[in-house]
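Q: build me a structure from this.
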Amino acid sequence: MGPEDICRISTPIGKPDFQLRITWSLEDGAPTGTPAPNFTALKMGERAVAAADKARVYFACRSDRLSNSMTVAHIMIGVERWMIPTEPEGDVEALKDAYATVAHSFSLAMAKKLRCEKNGGLPAKPVLDPA
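A: Numbering: from 1, shown residues only. Prediction:
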């Protein structure tokens, strides 16, 4: 099963199409391997990566709110720009930071809602410096 929507944010009717999709998924394990070259790795959770059009934060959660509170669940929160076929314009680093900040905010909110031990290892504020 692929990522499930948490939220979609769209431009108002009559404006150029733009949609920001925030998704989540329960992963089989902690992320491994090297991120794709278009991603910048960040120091948050199990792994955090950001690009000019998307970001993902992976974190581990042990909680009494999960079906098996003795094991660790691995959760991914993704933020992605949709419906724009062109390359992102503007300050690419600022775009990466913005997507990473949104992904971190949703990740931290989910970790708190699930009552993950130590908030899933997520910092209180996003860490935007490359890992």
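Q: Provide the strand pairings for the helix or strand of the chain with the lowest mean pLDDT, with the direction of each partner.
A: Using mean pLDDT, DSSP states H and E, strand 4-10 stands out as the lowest-scoring helix or strand of the chain, at a mean of 86. Taking DSSP bridges as the criterion, strand 4-10 forms sheet pairs with strand 19-27 (antiparallel).
Q: show residues contacting the partner strand.
A: Here strand 19-27 makes contact (Cβ atoms under 8 Å, 6 or more residues apart in numbering) with 1-11, 58, 73-83, 102-103, 106, 110. (Glycine included, C-beta is placed from N, CA and C.)
Q: tell me where this protein has strands.
A: Applying DSSP state E to the chain gives strands spanning 4-10, 19-27, 40-42, 47-50, 54-61, 73-82.
Q: out of those strands, flag the one nearest L114.
A: Across those, L114 has its closest neighbour in strand 54-61 (5.6 Å, Cβ to Cβ).
Q: isn't L66 up against H74?
A: No. Using Cβ atoms under 8 Å as the test, L66 is too far from H74 to be in contact (11.2 Å).
Q: more crowded one of the two?
A: H74 (20 against 17; other Cβ atoms under 10 Å).
Q: now the more buried one, nearest residue through space, not along the chain?
A: Spatial nearest neighbour of H74, excluding adjacent residues (Cβ to Cβ, 6 or more residues apart in numbering): E27 at 4.1 Å.
Q: report how many residues lie close to that neighbour.
A: Neighbours around E27, by other Cβ under 10 Å: 14.
Q: other residues contacting the least confident helix or strand of the chain?
A: Residues contacting strand 4-10 (Cβ under 8 Å, 6+ apart): D17, F18, Q19, L20, R21, I22, T23, W24, S25, I77, F106.
Q: so what's the residue count around D28?
A: 6.
Q: ok, back up a step: extract the C-alpha set from the least confident helix or strand of the chain and format it as PDB.
A: Output of strand 4-10 as PDB, limited to C-alpha atoms (Å, rounded to 0.1, in the frame of the first residue of the first chain):
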ATOM      1  CA  GLU A   4      -2.200   7.900   2.300                       C
ATOM      2  CA  ASP A   5      -3.300  11.500   2.200                       C
ATOM      3  CA  ILE A   6      -3.400  13.500   5.400                       C
ATOM      4  CA  CYS A   7      -4.100  16.800   3.800                       C
ATOM      5  CA  ARG A   8      -4.300  18.500   0.400                       C
ATOM      6  CA  ILE A   9      -3.900  22.300   0.000                       C
ATOM      7  CA  SER A  10      -5.000  23.800  -3.300                       C
END
